[in-house]
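Student: predicted model follows, preceded by the sequence.
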Amino acid sequence: MARQDAVGRLQASLERMGRRSSRPAPQVLVISPALELEHGGARPFHAASVGKVMTATLVAMLVEEGRFDVGTPLGKLLPAADVDGLPAAPGVDAATDVTVEHLLTHTSGLPDYFEPPRGTSTGCSVRTVAADPDRYWSPADLLDEARRLPAVGRPGDRFRYGDTVFVLLGRIVEEATGQSFSSRLRERVFAPAGMERAATPYSDARTPADLAGLDVAPFWLGGHELSRALSMSLDWAGGGIVAPPADLVAFQRALHGGRLVSAETLAWMSAPRHRRRRGIHYGAGMVTVRFGEFTPPFLRGLPEPVGGLGHFATHMFFYPQHDAHVVLNFHSYSRMNQSFMTHARIAQLLAAAP
């Protein structure tokens, strides 16, 4: 009875969030043997950086196929047009000193065009992109924006989260396979995982009209609703996926069920290496949440899920001990704290399940 009451309180809380805001109610999907919960509908949503897990999976597949290894430098995988002029610390050459592993673990020393270093700016940053919503950003455009910024360190020396590195990973996928990134994603991830409604509309569109009829939940960047903005092409291999919650569960089932990469490779991808902030730890393309590091002491001892996080307060996580999948979409970075509070309550319910 106590557990049912806790589930009821959580559902009531989600309903209040929807009523008290001009923005939609959060989308929540929890699937496990002991708990199933759905709220906010099954509409496809922009997964944002949750999609980085899928990009990392594609790269890991190529490593397993022997196309290259994680220690291969960029200059052996990409043409000069991609690599030349990338920001580098003194004495560093990105072509020879930055590797695939550096990209996957956000330790390349390359700056982020979306959240650039303090005192700098790009046309596709979190603060500026809404100014030109009809601008299409190609991978080459994004790398050119990164070239305007200073390096943030030497390869391997420090963790600095960013999207620039995932543009390079997407280009590595293209160069290694001879396919477009979107085509490879559909063929090697969406199809085998059974992601029937997943798509990459912002990457595939070329004009605003291409997105006019898109079925996607609204999302806000700052005060701007950008669900049909061509400028969201800036996400590309860093998270330009639109999918309903059930498709993200299908992906996790395929990934953790051994249908995409081996157990050894998955363990390497998910192993935490660097803390972005308290409770949020990054591996090689995947995130681990440690609720015990958050402020409320009653969160200590909760399970530590692995998966992905996105800028629009999107979550996609798997709880290995509970065979549980949690997918959240809160539509806006301004709701990030609320999304984590909700996720923590779900973690408590899973921990208390018999």
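Tutor: Thanks, I have the structure now.
Student: can I assume Asp157 sits in a helix?
Tutor: No. Assigned with DSSP: H, G, I helix; E, B strand; the rest coil, Asp157 falls outside any helix and is coil.
Student: quick check: domain ranges of this structure?
Tutor: Per the record, the chain has its domains at 2-48+238-352, 52-194, by automatic domain parsing.
Student: now Gly308: which helix or strand?
Tutor: Gly308 is part of strand 306-310, with elements assigned from DSSP states H and E.
Student: would CSV of the domains of the chain with mean pLDDT and mean neighbour count be doable?
Tutor: (Each C-beta comes from the backbone N, C-alpha and C, glycine too.) Listed next are those as CSV, based on pLDDT from 0 to 100; neighbours: other CB atoms under 10 Å:
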stretch, mean pLDDT, mean neighbour count
domain 2-48+238-352, 92, 19
domain 52-194, 97, 19
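Student: now distance to Ala205 too, for those, in a markdown table please.
Tutor: Converted to a markdown table, the domains of the chain look like this (distance: least, CB to CB, whole Å):
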| stretch | distance to Ala205 |
| --- | --- |
| domain 2-48+238-352 | 10 |
| domain 52-194 | 7 |
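Student: out of the ones you listed, nearest to Leu226?
Tutor: Nearest to Leu226 among those is domain 52-194; the distance by CB to CB comes to 6.3 Å.
Student: how long is the closest one end to end?
Tutor: Taking CA to CA, to the nearest Å, the first and last residues of domain 52-194 lie 18 Å apart.
Student: hang on, the earlier thing: show me what the strand holding Gly308 is packed up against.
Tutor: Using 3 or more CB pairs under 8 Å, 6 or more residues apart in numbering; DSSP states H and E as the contact test, the elements touching strand 306-310 are helix 52-64, strand 287-289, strand 314-319.
Student: does anything pack onto the helix or strand following the longest one? Which helices or strands?
Tutor: Think helix 52-64. Downstream of helix 52-64, the first helix or strand assigned by DSSP H and E is helix 80-83. Where contact means 3+ CB pairs under 8 Å, 6+ apart, helix 80-83 is packed against helix 94-97, helix 139-147.
Student: export those as a markdown table, with columns for distance to Leu77.
Tutor: Output for the helices and strands packed on helix 80-83, formatted as a markdown table (distance: least, CB to CB, whole Å):
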| stretch | distance to Leu77 |
| --- | --- |
| helix 94-97 | 10 |
| helix 139-147 | 14 |
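Student: now for those helices, which one comes closest to Leu78?
Tutor: Of all these, helix 94-97 comes closest under CB to CB, at 8.2 Å.
Student: please save the CA atoms from that closest one in CSV.
Tutor: Extracted C-alpha coordinates of helix 94-97, given in CSV (Å, rounded to 0.1, in the frame of the first residue of the first chain):
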residue,chain,number,x,y,z
ALA,A,94,44.8,17.6,-33.5
ALA,A,95,45.5,15.3,-36.5
THR,A,96,48.1,13.3,-34.6
ASP,A,97,47.4,13.9,-30.9
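Student: for it, packing partners?
Tutor: Using 3+ CB pairs under 8 Å, 6+ apart, helix 94-97 is in contact with helix 80-83.
Student: which residues sit against the helix it packs on?
Tutor: Leu74, Gly75, Ala94, Ala95, Ala140, Leu143, Leu168, Arg171 (CB atoms under 8 Å, 6 or more residues apart in numbering).
Student: pick the one among those residues closest to Leu62.
Tutor: The closest of these, once distances to Leu62 are taken by CB to CB, is Arg171, at 12.5 Å.
Student: any idea of the pLDDT on Ala353?
Tutor: Note on Ala353: pLDDT of 79.
Student: against Arg20, how distant is it?
Tutor: Distance check for Ala353 against Arg20: by CB to CB, to the nearest Å, it reads 30 Å.
Student: now do Val306
Tutor: Using CB to CB, Val306 is found at 32 Å from Arg20.
Student: now do Val98
Tutor: From Val98 over to Arg20 the distance is 46 Å, taken as CB to CB.
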